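**Q** following is a predicted model, sequence given first.
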Amino acid sequence: MVCETIFDQEQTAPTFVGSLEVPNVQEIVRDNSSRVPQIYIRDQYEMPKATDMAHLVTDIPVIDLSLLSNGNVEELKRLDQACAEWGFFQVINHGVPSEVLQNMKQNADGFFNLSLEEKNKFSMPPDDIQGYGHAYVVSKEQKLDWSDALMLVTMPPEFRNLQYWPTKPEGFKEIIDKYSKGLATVGEQLLGSISLNLGLERNTLIKEHKGLSQALRINYYPPCSRPDQVLGISPHSDTSSITILLQEDHLHGLQIHHNGEWIPVKPIPNALVINIGDVIEIWSNGKYKSIEHRAVTNESKARMSLAAFLFPNLDKEIEPFDCVVKSQGLLKNYKKVKYGDYLLNSMKRKMEGKTHTEMAKN
Ligand SMILES: O=C(O)CCC(=O)C(=O)O
Ligand SMILES: [Fe+2]
């Protein structure tokens with residue numbers, strides 16, 4: 001059942017609405033690895049192939065965060081281009097130790113390899129989006145994604161609901177704590193640089209969040225005997241301000257929609273993939289785009305991705321900055337929306353490209 005989001009007070013952690021209960025994909029594969037139930041099989045028009053133009057893959061920008069933190073003007077310019085032309089880039093030299101990244105992936109993998117009974121101790125109830133389960137399922141007819149997930153609100157620490165935090169593998173909670181704090185620092189550095197590039201003070205976007213929150217979704221995509229017929233995650237843009245994603249070192253899966261082509265994001269070991277979310281698209285009046293992306297599966301190996309969504313306080317009203325609109329010489333392309341309402345609207349729908357962004361468009 002999908003019902004209303006409740007947010008009590010300014011400083012209170014949000015409680016969300018859930019989605020319909022659907023089968024566990026890992027179990028479907030365990031029962032019969034060659035069966036793909038009809039509800040996962042997409043119409044062919046929904047399955048445009050990714051490009052085979054290799055140069056597009058290598059063109060996805062790579063940004064050196066240590067240069068940005070030192071105020072390197074060239075790197076700031078490259079970041080501006082990455083945000084405006086791609087909405088997606090990878091960051092290296094980001095300061096989160098590789099042990100923390102590897103440890104996070106190992107623990108997440110350990111969690112998904114527990115028995116269903118163990119995982120279900122942290123299952124997502126019908127009235128929440130936190131825990132082990134599925135999100136964005138709003139009708140019995142909609143096509144389902146070939147993935148299971150663990151979703152947790154991780155920052156600020158007061159917002160955590162530890163009843164959903166896995167106690168196995170031992171030490172997983174502590175590593176999630178370390179990881180989410182590390183990502184908060186990366187997020188602050190990026191938001192600082194993006195602010196400068198938009199002609200704002202360095203701390204403007206951080207302040208605009210009225211408390212920088214973070215939610216983590218660990219996606220687990222079991223192998224699929226017919227990867228040409230299913231999607232791991234449907235095309236969507238993220239409702240975040242920015243998303244920081246950790247991929248597996250050697251497994252493709254993420255694809256971004258750029259100039260009409262689906263382009264695979266080739267993993268760079270220990271890099272973080274950053275994408276501009278809807279909130280920055282609105283703040284920047286569309287100068288920076290929150291672009292559509294999807295995940296595909298493969299026949300032989302399970303893939304995981306860890307997506308951390310940074311987002312503002314649910315009470316915060318978001319709209320384009322006057323000075324950005326002025327510098328563009330354009331009208332405001334987006335209207336003022338309360339972030340909590342925007343998020344709720346998106347959670348009431350299935351993931352379907354950027355359709356959820358319409359409510360903020362002028
Ligand atoms: O698996 C991926 O690489 C993409 C995940 C994603 O887009 C999301 O969780 O919002
Ligand atoms: Fe996403």
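**A** That came through, no problem. Ligands and ions are numbered 1, 2, ... in the order given.
**Q** in the stretch 151-300 of the chain, what residue is nearest ligand 1?
**A** residue 254 (3.3 Å; C-beta to the nearest ligand atom). For the C-beta atoms, the positions are set from N, CA and C on the backbone; glycine is no exception.
**Q** correct me, but that residue touches residue 266?
**A** No - applying C-beta atoms under 8 Å, one finds residue 254 not in contact with residue 266, separated by 9.3 Å.
**Q** tell me which residues in the lowest-mean-pLDDT helix or strand in the chain are buried?
**A** For the chain, counting by mean pLDDT, DSSP states H and E, helix 54-59 ranks last in confidence among helices and strands (a mean of 78). Of all the residues in helix 54-59, those buried under the rule 16 or more other C-beta atoms under 10 Å are 56-57.
**Q** relative to the whole chain's centre, how far out is it?
**A** 22 Å (C-alpha atoms, centre = their mean, to the nearest Å).
**Q** pull the residues that contact that helix.
**A** 51, 258, 261, 263-266 (C-beta atoms under 8 Å, 6 or more residues apart in numbering).
**Q** just give me the closest of those residues to residue 290.
**A** Among those, residue 258 lies closest to residue 290 (C-beta to C-beta), at 12.7 Å.
**Q** contact partners for the closest one?
**A** Residue 258 neighbours (C-beta under 8 Å, 6+ apart): 56, 86, 88, 291.
**Q** and it, backbone torsions?
**A** The phi and psi values for residue 258, taken as degrees, to the nearest 10, are phi -130, psi 120.
**Q** beta partners of it?
**A** residue 261 (DSSP bridges).
**Q** now it: how far from residue 23?
**A** Distance, residue 258 to residue 23, by C-beta to C-beta, to the nearest Å: 33 Å.
**Q** kindly report the same for residue 312.
**A** Residue 312 is 34 Å from residue 23, where distance means C-beta to C-beta.
**Q** between these two, which one's more packed in?
**A** Neighbours around residue 312 and residue 23, counted as other C-beta atoms under 10 Å, are more numerous at residue 312. The numbers are 23 against 14.
**Q** what's the closest non-adjacent residue to that one?
**A** Spatially, and ignoring its direct neighbours in sequence, residue 312 is nearest to residue 209 (4.1 Å; C-beta to C-beta, 6 or more residues apart in numbering).
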